[in-house]
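Participant: below are the sequence and a predicted model; questions follow.
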Amino acid sequence: MSKSWQAYARHILDAIAKIDRIQTRGDLTQDEVLFDASLRNFQTLSEATQLLPESLKAQFPGIPWREISGFRNILVHNYLGDIDTLAVKAVIDRHIPELARCIQAMLALDDNPII
């Protein structure tokens with residue numbers, strides 16, 4: 001891994017912020033450009049979660065790390081483009097805020113190491 005895990009963590013937060021901004025532009029379930037932009041950022045954040053240390057992710061068992069990684073595979077390999085817009089919207093509404101809090105907590109732990 002050439003970058004520090006913190007760089008990947010910040011990359012995840014950046015993708016989440018972009019998803020939030022995309023949502024302010026309209027309903028991604030009705031606008032394919034917004035939907036595609038959201039999917040691209042999901043792919044980015046999913047790939048970045050794969051590069052976080054397993055020992056760090058283990059400290060946050062409430063986050064479905066394996067499912068996040070699996071979602072990335074669906075996004076990348078779903079060549080027919082039949083990803084359910086309502087399912088994506090549900091993931092954004094239900095899971096993205098908790099993931100953002102988790103990543104922020106990881107970075108805060110790094111800022112305040114236990115001695």
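Facilitator: Looks like it arrived, so ask away. Just so we're clear, the structure is a prediction, and the values are computed from it rather than from any experiment.
Participant: packing partners for the host helix or strand of L109?
Facilitator: Secondary structure from DSSP states H and E places L109 in helix 96-111. For helix 96-111, the packing partners by 3 or more C-beta pairs under 8 Å, 6 or more residues apart in numbering; DSSP states H and E come out as helix 5-24. For every residue, glycine as well, the C-beta is placed using N, CA and C.
Participant: just for this structure, where's the confidence low?
Facilitator: Applying pLDDT under 70 to the chain flags residues 1-2, 78-81, 111-115.
Participant: residue closest to the middle of this structure?
Facilitator: L45 (3.7 Å; C-alpha atoms, centre = their mean).
Participant: leaving out the residues flanking it, which one is nearest to that one?
Facilitator: Distance criterion C-beta to C-beta, 6 or more residues apart in numbering; nearest residue to L45, sequence neighbours excluded, is A15 at 3.9 Å.
Participant: so W65 touches K57, yeah?
Facilitator: Yes: W65 lies in contact with K57 (C-beta atoms under 8 Å); the separation is 5.0 Å.
Participant: anything in contact with each of those two?
Facilitator: Counting by C-beta atoms under 8 Å, 6 or more residues apart in numbering, the common neighbours of W65 and K57 are T49.
Participant: which non-adjacent residue is nearest L39?
Facilitator: Setting aside the residues directly before and after it, L39 is nearest to L75 in space (C-beta to C-beta, 6+ apart), at 5.6 Å.
Participant: so how many other residues sit close to that neighbour?
Facilitator: Look at L75: counted by other C-beta atoms under 10 Å, it has 17 neighbours.
Participant: what's the separation between it and A48?
Facilitator: 13 Å (C-beta to C-beta, to the nearest Å).
Participant: give me the neighbour count for I68.
Facilitator: I68 has 21 neighbours, counted by other C-beta under 10 Å.
Participant: residues in contact with it?
Facilitator: For I68, the contacting residues are L45, S46, T49, L99, by C-beta under 8 Å, 6+ apart.
Participant: could you do L86 as well?
Facilitator: L86 touches T29, counting by C-beta under 8 Å, 6+ apart.
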